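> Return atomic coordinates for the entry below.
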Amino acid sequence: MAAKKAMEGISKGLMEEVHKWGAMKQNGVSLRYMMEFGLRPTPRNLLISAQFLHKELPIRIARRAIELDSLPYGLSDKSAVLKVKNWYLESFRELRAFPHIKDNCDELYFTEMITKIKVRHNNVVPMMALGVQQLKKDLNPKRIVYEDLDEIHGFLDRFYMSRIGIRMLIGQHVALHDPNPAPDCVGYIHTKMSPVEVARCASEDARSICSREYGTSPDISIYGDPKFTFPYVPSHLHLMVFELVKNSLRAVQERFSNSDDVPPVRIIVADGLEDISDEGGGIPRSGLSRIFTYLYSTAKNPLSQQPETDIETPSNMAGYGYGIPVSRLYARYFGGDLQIISMEGYGTDAYLHLSRLGDSQEPLP
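Residues are numbered from 1 along each chain as shown. Below you'll find the predicted structure:
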């Protein structure tokens, strides 16, 4: 109800401004450019970066706000989606109200503002996932034809990909202000990231979640050279590995819940590739084509377990249906990809390809 009232208070002038900016051209950047530009975070470079963001962020945010207003099947009217739209419009309003950035004093104030915007949008993914679940709850499950919901899937792919880019640009700019950056780090980018080490940290986090949910967790075996490094964003890789391992742990744990001989989840790190495999019984052939959609999950719907007032920080191990498709978007953001191969009755292999060169431009939806 509060979200609907907020929507009613939006001025016609603001929406006209949103549509004007939403029609402007976006400008993508590459990982290599971010890294090379950030190597020298001089006051002049930070000023240039802020001036770029001052124009670029309203364009990207406006595009998403416009789409949020015209979704099919009544998704735009779901309370969770209205809340997300309100966040986007508020951020757009703040960015447009900020005056031209002329000097480094302006740049510091601007950096404070976009830091707050990034925090405001922290829960966009679970909130949008809730909106989709609210829609799914209203639909007759027997009449859902997933292929007929391509429009929603396409929107969510664009929406989440855009969000990854917005958060990367803001996070990179803010991180460049750190007076004591970690060794070999340029903002968000680690110039010598060890995928084995990141996989190890993400795996422990996933095991911790699994233990909390089931009281125990399968082991994880990691194979690869920890000295192998390349430039990448560790937080992106951590999220992808965490989601994939979490799914594998759940599948194995549920399949071998009454067994003393539980097979480990295996992670093999090769040159630009991570293979995460399990013996959790695999994905039914009927569900394999749907694992990258947002209306499908093999887990129990968390809305049946968690009050809607508590979804700001969903704690369930699975069930919202966005972990795998969003992980693929993170891989594709810098030119990589995620593929899932499953053998029903045995297990699943997830192949995570990462682009080492970082020359590909951001995909701009």
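> thinking residue 197 is in contact with residue 225, fair?
No. Contact between residue 197 and residue 225 fails when scored by C-beta atoms under 8 Å: they sit 10.8 Å apart. For glycine as for every other residue, the C-beta is placed from the backbone atoms N, C-alpha and C.
> more crowded one of those two?
residue 197 (18 against 12; other C-beta atoms under 10 Å).
> Please report the distance of that one from residue 180.
Using C-beta to C-beta, to the nearest Å, one gets 21 Å for the distance from residue 197 to residue 180.
> I figured residue 241 hits residue 352, correct?
Yes. Under the criterion of C-beta under 8 Å, residue 241 makes contact with residue 352 at 7.3 Å.
> Would you mind splitting the chain into its domains for me?
Using automatic domain parsing, the domains assigned to the chain come out as 2-181, 188-353.
> I'd like those as CSV, with mean pLDDT and distance to residue 360 appended.
Listed next are these as CSV, based on pLDDT from 0 to 100; distance: least, C-beta to C-beta, whole Å:
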stretch, mean pLDDT, distance to residue 360
domain 2-181, 89, 6
domain 188-353, 83, 3
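> Using a markdown table, please lay out those together with distance to residue 362.
Putting these into a markdown table (distance: least, C-beta to C-beta, whole Å) gives the following:
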| stretch | distance to residue 362 |
| --- | --- |
| domain 2-181 | 4 |
| domain 188-353 | 7 |
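> Residue 359 is nearest to which of the ones you listed?
Nearest to residue 359 among the domains of the chain is domain 2-181 (5.4 Å), distances taken as C-beta to C-beta.
> hang on, the earlier thing: please identify every residue contacting each of residue 241 and residue 352.
Common neighbours of residue 241 and residue 352, counting by C-beta atoms under 8 Å, 6 or more residues apart in numbering, are 274, 276.
> Would you map the helices across the stretch 101-250 of the chain?
Remark: helices assigned in the stretch 101-250 of the chain by DSSP state H, counting those that start in this stretch are 104-120, 124-138, 150-175, 195-214, 234-255.
> Please tell me I have it right and residue 131 contacts residue 74.
No. Assessed by C-beta under 8 Å, residue 131 is found out of contact with residue 74, at 10.4 Å.
> For the two, indicate the residue with more neighbours.
The neighbour comparison of residue 131 against residue 74 (other C-beta under 10 Å) goes to residue 131, with 24 against 12.
> ok, that one - contacts?
Residues near residue 131 by C-beta under 8 Å, 6+ apart: 75, 78-81, 84.
> can you give me the strands in the protein?
If DSSP state E is used as the criterion, the strands of the chain fall at 185-186, 189-193, 220-223, 230-232, 265-270, 273-278, 337-343, 347-353.
> Now do the fourth one: distance to the chain's middle.
What that stands for is strand 230-232. Chain-centre distance of strand 230-232: 19 Å, with C-alpha atoms, centre = their mean, to the nearest Å.
> Who are the packing partners of that strand?
helix 31-38, strand 189-193 (3 or more C-beta pairs under 8 Å, 6 or more residues apart in numbering; DSSP states H and E).
> Turn these into JSON lines, including mean neighbour count.
JSON lines is the format used below for those (neighbours: other C-beta atoms under 10 Å):
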{"stretch": "helix 31-38", "mean neighbour count": "19"}
{"stretch": "strand 189-193", "mean neighbour count": "19"}
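> TSV for the ones you listed, including distance to residue 45?
Shown next, in TSV, are the helices and strands packed on strand 230-232 (distance: least, C-beta to C-beta, whole Å):
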stretch	distance to residue 45
helix 31-38	7
strand 189-193	15
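> mind checking which of those is nearest residue 174?
For residue 174, the closest of the helices and strands packed on strand 230-232 is helix 31-38, at 11.5 Å, according to C-beta to C-beta.
> how big is the angle separating that closest one from helix 234-255?
Helix 31-38 and helix 234-255 are oriented at 130 degrees to each other (axes from the mean of the first three to the mean of the last three C-alpha atoms, to 10 degrees).
> got the contact list for helix 31-38?
45, 49, 168, 172, 176, 186-187, 189, 191, 231-233, 334, 355, 357-360.
> Any chance of the backbone angles for the residue in the chain sticking out farthest from the centre?
The centre of the chain is farthest from one residue, residue 260, which by C-alpha atoms, centre = their mean lies 35.9 Å away. Phi and psi for residue 260, reported as degrees, to the nearest 10, are phi -90, psi -10.
> Which residues does stretch 102-120 contact?
43, 46-47, 50, 53-54, 57, 87, 90-91, 94-95, 98-101, 167, 170-171, 173-174, 177.
> which residues sit in contact with residue 220?
203, 206-207, 245, 249, 264-267.
> partner residues bridging it?
Per DSSP bridges, the residues bridged to residue 220 are residue 265.
> Can you give me the separation between it and residue 204?
Taking C-beta to C-beta, one finds residue 220 at 8 Å from residue 204.
> Kindly report the same for residue 237.
Relative to residue 204, and taking C-beta to C-beta, residue 237 is found at 14 Å.
> Excluding sequence neighbours, find me the nearest residue to residue 56.
residue 27 (5.9 Å; C-beta to C-beta, 6 or more residues apart in numbering).
> if we can go back for a sec, among the helices and strands packed on strand 230-232, which is nearest residue 138?
Nearest of those (C-beta to C-beta): helix 31-38, 40.6 Å.
> Which residue, other than its chain neighbours, is closest to residue 219?
That would be residue 264: by C-beta to C-beta, 6+ apart, it lies 4.1 Å from residue 219.
> Check whether the one you found really touches residue 218, as I assumed.
Yes. Judged on C-beta under 8 Å, residue 264 makes contact with residue 218 at a distance of 5.9 Å.
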